[in-house]
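Visitor: Here is my input, please return the structure:
(2 chains)
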Amino acid sequence: MESKFEINELNLYYGSFQALKDIGMIIHGNKITALIGPSGCGKSTFLRTLNRMNDLIPGVKIDGTIKFDGGDIYGKDYDIINLRKKVGMVFQKPNPFPKTIYENIVYGPKIHGERDKSKLDQIVERTLKEVALWEEVKDRMHKPALGLSGGQQQRLCIARCLAVEPEVILMDEPTSALDPVATSKIEGLLEELAEKYTIVIVTHNMQQAGRVSDFTSFFLSGKVIETDKTKVIFSNPSDKKTEDYITGRFG
Amino acid sequence: MSARPQMEHEISVITNDLLEMTELIDETIRNAIKSLKEKDSDLAREIIKDDEKIDDLEDEIKDKCLKFLATQQPLAGDLRFMISVMQMVRDLERIGDHCEDIAKYTLRFENEEYMKELIDIPIMADMAAKMVKNSIDAFVNKDLRLARKVWKADEEVDELFRNIYDELMGFIERDARKANQSVMFLFIAAHLERIADYSTNICEETVFAMEGNYVME
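Guide: Presented below is the predicted three-dimensional model:
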């Protein structure tokens, strides 16, 4: 199995508070990895270290290494713009730009210099098809994205992320603001997307982690307690703390 | 207070039901052999009639497990516990069926004298009944040592079964008139051997519920 990210001895501090402690993990390519753990355990912070989103927060200090396809993303001269293009992100609340559906998708490619109208059209159709939204919106491409339902908006955000041809998609509780039908559509999508992309998903929904992911990593108080195949984590975890958390004894 | 009161409550209700079913099964095995040994046809008829009670208990416990799975969505140890209970009640129900079959043999013998006094079959029945009870106790008390001990005890039952087989085959070879009863007793011993086997399934389920594997030795 190809490893997409190799994380070693990663520590992260917000000022004097240590949010991540000695994290070591491998994230496999073209697999879905779920990060679970109680609020404040560091899973979202960890997710954001993978495309250096934490750099934008004042007072953050990071040591250790994260290798992405072998390159140390915190190393000197690492191309962060390219990293963020390759490692896209989808957030908890759907956050389309207050623009048309079409403009939302082409925004990224345009920033990266794509001006060819027919190429942009192709990107729009390809990505909307990838997120199974094409049939629903093809006749109102130039209508405001904010007019879509919550579930459609989230799929649009995923399509917007795919438009710059990333290799990895980071998802921070992508369905927690959606109803069960919209959630189920996104979950169905994840499996298909994993054929082309590597997905790392933070979720508070244990059943969701169980349903969609290949690997699960349990975080607690800034540490990784256990990472294993999802089937093992949810049926027979090695660590008692994992068992106690997933069976609702705390958290 | 527990962090998960509803879940703990449902687990304890299901555990109590399982214990109730076990008590009923224990009594049924003992009565099946008592009715055979003492040629008590009324007791045998009662066992056949009461098998329905065991079937109903199985359905009831399975329903509760199903509700638990659907509404509590258990994971890890809780999930393995429920899966194990569902297997165990099926095993207990099967044990009930074997007792019913033994009771039917008692009725077949209703009007004839036994060719010999029953000695080994009641011993075997007592061993099997103890194994069933201990296997469920091991599960309920999370006693891995006991589960593995009961599992191992099956060898003794198997050995006794082989002795009974040899003895009965000897009867058949020596006197064809005894073949009919010998075969009947052999069937009864085979039912008891199966009952002991079901108790080993229960032991395996106990190890699975606690450790997530089926390593018995």
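
Visitor: switch to C-alpha atoms for all contacts and neighbour counts from now on
Guide: Will do.

Visitor: Tell me, how many residues neighbour B:Arg174?
Guide: The number of residues packed near B:Arg174 is 11, by other CA atoms under 10 Å in any protein chain shown.

Visitor: what sits against B:Leu24?
Guide: Applying CA atoms under 8 Å, 6 or more residues apart in numbering or on different chains to B:Leu24 gives the contacts B:Ile54.

Visitor: I'd like the distance between it and B:Cys99.
Guide: 12 Å (CA to CA, to the nearest Å).

Visitor: cool, B:Ile61 as well?
Guide: Relative to B:Cys99, and taking CA to CA, B:Ile61 is found at 20 Å.

Visitor: the more surrounded of these two?
Guide: Shown here are B:Ile61 and B:Cys99; by other CA under 10 Å, B:Cys99 has more neighbours (27 against 22).

Visitor: my read is that one is in a strand, agree?
Guide: No: according to DSSP: H, G, I helix; E, B strand; the rest coil, B:Cys99 belongs to no strand; its state is helix.

Visitor: which one is B:Leu19 nearest to, not counting chain neighbours?
Guide: B:Ile136 (7.5 Å; CA to CA, 6 or more residues apart in numbering or on different chains).

Visitor: pLDDT value on the one you found, please?
Guide: On the pLDDT scale, B:Ile136 is placed at 97.

Visitor: Is it in contact with B:Met21, as I believe?
Guide: No: using CA atoms under 8 Å, B:Ile136 makes no contact with B:Met21, being 10.1 Å away.

Visitor: For the two, indicate the residue with more neighbours.
Guide: Shown here are B:Ile136 and B:Met21; by other CA under 10 Å, B:Ile136 has more neighbours (27 against 22).

Visitor: tell me the contacts of the closest residue to B:Lys64 other than its chain neighbours?
Guide: The shortest distance from B:Lys64 to any non-neighbouring residue, by CA to CA, 6+ apart, is to B:Ile14 (7.0 Å). Contact analysis of B:Ile14 by CA under 8 Å, 6+ apart lists B:61, B:64-65.

Visitor: now do 10 Å
Guide: Residues near B:Ile14 by CA atoms under 10 Å, 6 or more residues apart in numbering or on different chains: B:8, B:20, B:60-62, B:64-65, B:68, B:82, B:85.

Visitor: now the residues you listed as a markdown table including distance to B:Thr200 and secondary structure?
Guide: Output for the contacts of B:Ile14, formatted as a markdown table (distance: CA to CA, whole Å; DSSP: H, G, I helix; E, B strand; the rest coil):
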| residue | distance to B:Thr200 | secondary structure |
| --- | --- | --- |
| B:Glu8 | 27 | helix |
| B:Glu20 | 19 | helix |
| B:Glu60 | 23 | helix |
| B:Ile61 | 21 | helix |
| B:Lys62 | 20 | helix |
| B:Lys64 | 24 | helix |
| B:Cys65 | 22 | helix |
| B:Phe68 | 26 | helix |
| B:Met82 | 18 | helix |
| B:Val85 | 14 | helix |
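
Visitor: joint contacts of B:Ile136 and B:Met21?
Guide: With CA under 10 Å, 6+ apart, B:Ile136 and B:Met21 have common neighbours B:15, B:92.

Visitor: tell me the SS of the residue nearest to B:Lys64?
Guide: Taking three-state DSSP, the label given to B:Ile14 is helix.

Visitor: Just give me the neighbour total for B:Ala153.
Guide: The tally of other residues near B:Ala153 (other CA under 10 Å) stands at 15.

Visitor: Spatially nearest residue to it, not counting backbone neighbours?
Guide: B:Met131 (7.7 Å).

Visitor: Report the contact partners of that neighbour.
Guide: B:26, B:125, B:137, B:147, B:149-151, B:153-154, B:157, B:195-200, B:202-203.

Visitor: Would you mind listing what in chain B touches chain A?
Guide: Neighbours of chain A within chain B, by CA under 10 Å from any CA of the partner chain: B:2-4, B:7, B:72-80, B:208-213.

Visitor: Now, of the residues you listed, which are buried?
Guide: B:7, B:74-80, B:208-212 (16 or more other CA atoms under 10 Å in any protein chain shown).

Visitor: Let me see the mean pLDDT of the one helix or strand B:Arg194 maps to.
Guide: Assigned by DSSP states H and E, B:Arg194 belongs to helix B:179-211. Model confidence over helix B:179-211, given as mean pLDDT, is 97.

Visitor: quick check, A:Gly75 in a strand?
Guide: No: A:Gly75 is assigned coil when assessed by three-state DSSP, not a strand.

Visitor: So what does it have for phi and psi?
Guide: As for A:Gly75, its main-chain torsions (degrees, to the nearest 10) stand at phi -70, psi 160.

Visitor: Surely it and A:Thr65 touch.
Guide: Yes: with contact defined as CA atoms under 10 Å, A:Gly75 counts as touching A:Thr65 (8.1 Å).

Visitor: So between the two, which is more surrounded?
Guide: Neighbour count, other CA under 10 Å: between A:Gly75 and A:Thr65, A:Thr65 has more, with 19 against 11.

Visitor: centroid residue for the chain?
Guide: In the absence of a named chain, chain A is used. For chain A, A:Leu170 is the residue whose C-alpha lies nearest the centre (CA atoms, centre = their mean; 1.4 Å).

Visitor: that answer is for a different chain, and I need it for chain B
Guide: B:Ile95 (4.1 Å).

Visitor: does that one sit in a helix, a strand or a coil?
Guide: Taking three-state DSSP, the label given to B:Ile95 is helix.

Visitor: Distance of it relative to A:Thr227?
Guide: For B:Ile95, the distance to A:Thr227 - CA to CA - is 42 Å.

Visitor: host element of the residue nearest to the centre of chain A?
Guide: A:Leu170 belongs to strand A:168-172, assigned by DSSP H and E.

Visitor: same question for that strand, mean pLDDT?
Guide: Rounded mean pLDDT across strand A:168-172 is 97.

Visitor: same check, this time on stretch B:54-63
Guide: Averaged across stretch B:54-63, pLDDT comes to 97.

Visitor: Could you do stretch A:70-82 as well?
Guide: 94.

Visitor: Quick check: buried residues in that stretch?
Guide: A:72-74.

Visitor: Backbone dihedrals for the residue lying closest to A:Gln152 once chain neighbours are set aside, please?
Guide: Among residues not flanking A:Gln152 along the chain, A:Leu133 sits closest, at 7.1 Å (CA to CA, 6+ apart). The phi/psi pair for A:Leu133 (degrees, to the nearest 10) reads phi -110, psi -10.
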